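Participant: coordinates for the following, if possible.
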Amino acid sequence: MTYLYGYLLIGAVFFAVVYGRHRLRKGNQPESLVDVLEARNPNRNRLSYRLVNHVLVPVVGITLVIAAWPVAIFFMVKERLDHKGSSDSGPERAFAVERQHLLERLSVAEVEAREVVVDPLQAVPELPFGHLNAAWQEFLKGTRVDDELWAFAAHWQTRWGRREVREGYVTVRDGTPGAFFMTARKELID
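Facilitator: Numbers count the residues shown, from 1 in each chain. Purely as a prediction, here's the structure:
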């Protein structure tokens, strides 16, 4: 029985350290989305809502952490080791369009003709990129007269090992791809 008490004591200390570290890191950050949504919930003043969300959920969560602390430590160590292993090869590479990703050169008019959204229910404006037209216009503001506009498709591996195809349009200035407007991101399943 002493071993069980010791095990649970270690779990309680582990929980206190992790929770305290989280609270210190959170600091004076603004309200989270959860807090905002909870404030707008009409049931927040009901006793059943408060019992479930402010008593039952935390008690179950704390109990699970105290009971399964070795699993949590395993995943924390594994994540740290994986992160160190990836840092040997340098920092994680940010996505950028490269020359080999370029497909075809297009004019702004050709891109906008391709990307007009036609919605029979008229829920989306009949504009290039629909609701994202303002973002497209903002993207175009960053281009110069001598920039070329190209379609691209790139195979990419995410930090978590998922493989994706990313497609869209990119400005090419002096032969070098620069700012891009991504239109599709599809996960490749083996």
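Participant: for R46, phi and psi?
Facilitator: Note on R46: backbone dihedrals following degrees, to the nearest 10 are phi -80, psi 140.
Participant: what's the answer for the one 5 residues further on, then?
Facilitator: Dihedral angles phi and psi of L51 (degrees, to the nearest 10) take the values phi -60, psi -40.
Participant: V108 contacts K141, correct?
Facilitator: No: in this structure, V108 is not within contact of K141 by Cβ atoms under 8 Å, at 11.9 Å. Where C-beta positions appear, they are placed from N, C-alpha and C, glycine not excepted.
Participant: quick one: which of those two has more around it?
Facilitator: Between V108 and K141, counted using other Cβ atoms under 10 Å, the more crowded position is V108 (13 against 7).
Participant: give me the spatial nearest neighbour of that one, chain neighbours excluded.
Facilitator: Nearest residue to V108, sequence neighbours excluded (Cβ to Cβ, 6 or more residues apart in numbering): L149, at 6.2 Å.
Participant: distance of the one you found relative to A113?
Facilitator: Distance from L149 to A113, counting by Cβ to Cβ, to the nearest Å: 13 Å.
Participant: higher neighbour count, those two?
Facilitator: Set L149 next to A113 and count neighbours by other Cβ under 10 Å: L149 wins out with 19 against 11.
Participant: domain map for the chain?
Facilitator: With domains defined by automatic domain parsing, the chain comprises 2-87, 99-188.
Participant: low pLDDT regions in the chain?
Facilitator: 26-38, 83-93, 190 (pLDDT under 70).
Participant: strands of that one, start to end?
Facilitator: For the chain, applying DSSP state E gives strands covering 102-106, 148-157, 163-173, 176-188.
Participant: among those strands, which is nearest L127?
Facilitator: Of all these, strand 176-188 sits nearest to L127, with 14.1 Å by Cβ to Cβ.
Participant: what does that closest one contact?
Facilitator: With Cβ atoms under 8 Å, 6 or more residues apart in numbering as the test, strand 176-188 has contacts from 96-99, 101-102, 115, 129, 135-136, 139, 142-143, 147, 150, 152, 155, 162-172.
Participant: just the buried ones from those?
Facilitator: Buried members of those, counted by 16 or more other Cβ atoms under 10 Å: 97, 101-102, 115, 129, 136, 139, 147, 150, 152, 164, 166-172.
Participant: any chance you could map the helices in the protein?
Facilitator: Using DSSP state H, the helices found in the chain span residues 2-26, 33-40, 47-51, 57-67, 69-87, 108-114, 133-141.
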